[in-house]
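1. A structural model of the following input is requested.
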Amino acid sequence: MPFHEYALYPGCADRLAKSYQPPFPVQAPDFKMSGSGLSGLALSDAGVWPKGYDGVMYIANPITSKVNAVRQHREGSGYRLEKLDDFVSCDDPFFRPIAMTMGPDGCLYIIDWYNKIISHNEVARNHPDRDKQSGRIWRIKPKGFVPPVVPDYTKLSSADLIARLGSKVVADAHLAWQTLADRRPEEATTAALSAIAGDASAAAARRIQALWVLAEHGQKVGPLAERLLADPNRNVRREAVNALRHLGAWSPHFEVLAALSTDADAEVRAAAIKALGEASVKYPAALGVLMRFAGPSLDGPVAADRRGKPIKVGAAYERDFERFLVRMYLERQPRGGRHVPRFAGGQVPAGRRTHVRRARARPEGRRSPRRRTRRSTRPRSRPG
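-> Predicted structure coming up:
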């Protein structure tokens, strides 16, 4: 499942959940993963691995000595997961895959704990089957695939690194943009990256990585990011919002961010709420813009969670999550409530007043009235 900042994942920090915080919908209602120690994830590179094996999430399962496989199907702001046949199985009792990653050569690397005993205190720590010295690293590559030579990225020119942005081998592309981000900005590099980020014909991943480097270099990406907010690709729009968020959105950005309240993608809308919410610390007027994202709650669709309890899914969940985010930021800025009606288009709708009530502030300079208490005239009893 995707990780959404501030979302409530059942079983994870349930005690910290707010009463009005919607639980994240179940992404795999049709199956359960065997074993209790799933400990590694790797997404195979699309266009590099053969069809049927590319774009698959491989999962290290040390309990069962297997590498499981799950395919993701995009549905709304989440995914529907499909369990595939196990990718790796082994009858060696010492095989314990605990971590995995896709390398910059397009191969899958598996870290093998190599230990027959994986319990805690159920088996004596000095048991001869406990291996405390050995470990293995496995490399898996498609049949007939010739891995490219992995360079020393720190020795590549900036032009060579830029050429690797958006590579089909994701690890290669990420190492390229991270190396570029570590370098001091140069005029030619900035110009090339800006051109890539604004090129609608370029691959989305390449454009996003160029935008990331510009942001890491501290470039003024505000005007560029604003243009990208209208891009047809949802990932480009979301990362453009995140660029404004980390840059520090301020009043000139509020209207373009407000227009995203009707964006078709839930992740874009949530990113805009976070950008406005964080901007409200310095610019309280952003709270009024936030109210445009607090649409009325929806009754459905609804589906059962793991315990059979009906919870909202799809558009209904997305709406409640957005309402939760808006309320969270309003509660963080209790003195900013006076900005809400003016920037929300006048009178706050009745369905939204619950978000605003706590945020309304007393006029500055006026102290809260103190309750007068009548002092008791009865003498205090002395101990003893």
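2. What sits closest to A258 if chain neighbours are left out?
-> In this structure, A258 finds its nearest non-sequential neighbour in V289, 4.7 Å apart by C-beta to C-beta, 6 or more residues apart in numbering. Using the backbone N, CA and C atoms, a C-beta is placed for each residue, glycine as well.
3. What's the separation between the one you found and E267?
-> Counting by C-beta to C-beta, to the nearest Å, the gap between V289 and E267 amounts to 19 Å.
4. The two: which has the busier surroundings?
-> Higher neighbour count among V289 and E267: V289, with 27 against 19, using other C-beta atoms under 10 Å.
5. Kindly report the domain assignment for this structure.
-> Domains of the chain are assigned by automatic domain parsing as 31-140, 153-359.
6. Would you mind giving those as JSON lines with mean pLDDT added?
-> As requested, those are exported to JSON lines (pLDDT from 0 to 100):
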{"stretch": "domain 31-140", "mean pLDDT": "87"}
{"stretch": "domain 153-359", "mean pLDDT": "88"}
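7. and of those domains, who's closest to L16?
-> L16 lies closest to domain 153-359 among these, at 12.3 Å (C-beta to C-beta).
8. gap between D182 and V150?
-> 18 Å.
9. coming back round to it: just name the most buried of the domains of the chain.
-> A comparison of these by mean neighbour count, using mean count of other C-beta atoms under 10 Å, puts domain 153-359 on top with a mean of 18.
10. helix, strand or coil for A205?
-> Here A205 is recorded as helix under DSSP: H, G, I helix; E, B strand; the rest coil.
11. same deal with the one 4 residues further on?
-> For Q209, the secondary structure call by three-state DSSP comes out as helix.
12. Need the CA coordinates for the helix ranked longest in the chain. CSV is fine.
-> Selection of the longest helix in the chain by residue count, based on DSSP state H, yields helix 314-332. These are the backbone C-alpha positions of helix 314-332, laid out as CSV (Å, rounded to 0.1, in the frame of the first residue of the first chain):
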residue,chain,number,x,y,z
GLY,A,314,-12.5,5.0,-2.5
ALA,A,315,-13.8,8.6,-2.9
ALA,A,316,-15.5,8.5,0.5
TYR,A,317,-12.2,7.7,2.3
GLU,A,318,-10.4,10.3,0.2
ARG,A,319,-12.9,13.0,1.2
ASP,A,320,-12.7,12.2,4.9
PHE,A,321,-8.9,12.1,4.8
GLU,A,322,-8.8,15.5,3.2
ARG,A,323,-11.3,16.8,5.8
PHE,A,324,-9.1,15.3,8.6
LEU,A,325,-6.0,17.1,7.2
VAL,A,326,-7.8,20.4,7.0
ARG,A,327,-9.0,20.1,10.6
MET,A,328,-5.5,19.1,11.8
TYR,A,329,-4.0,22.2,10.4
LEU,A,330,-6.8,24.4,11.7
GLU,A,331,-6.3,23.0,15.2
ARG,A,332,-2.6,23.8,14.9
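13. which residues does the closest residue to R206 other than its chain neighbours contact?
-> Take R206 and drop its neighbours on the chain: the residue closest to it by C-beta to C-beta, 6+ apart is G166, 2.6 Å away. By C-beta atoms under 8 Å, 6 or more residues apart in numbering, G166 lies in contact with 173, 202-203, 205-207, 209.
14. where exactly do the helices run in the stretch 201-350 of the chain?
-> All helices of the stretch 201-350 of the chain, identified by DSSP state H, counting those that start in this stretch, fall at 204-216, 222-228, 234-247, 251-258, 266-279, 286-290, 314-332, 340-343.
15. quick one: which of the contacts of G166 is nearest E186?
-> Closest approach between the contacts of G166 and E186, by C-beta to C-beta: Q209, at 17.1 Å.
16. Which two of the contacts of G166 have the greatest separation?
-> Farthest-apart pair in the contacts of G166 is A173 and A202; separation 12.7 Å (C-beta to C-beta).
17. List the neighbouring strands of the lengthiest strand in the chain plus their orientation.
-> If each strand of the chain is counted by residues according to DSSP state E, the longest one is strand 66-75. Sheet pairing of strand 66-75 (DSSP bridges) gives strand 56-61 (antiparallel), strand 78-83 (antiparallel), strand 88-89 (antiparallel).
18. Can you name the residues in contact with that strand?
-> Residues lying outside strand 66-75 but in contact with it, judged by C-beta under 8 Å, 6+ apart, are 28, 33-34, 38, 55-61, 79-90, 97, 100, 110, 314.
19. same thing with stretch 189-196?
-> Residues external to stretch 189-196 that are found in contact with it (C-beta under 8 Å, 6+ apart): 158-159, 162, 165, 180, 183, 202, 206-207, 210-211, 213-214, 217, 219, 224.
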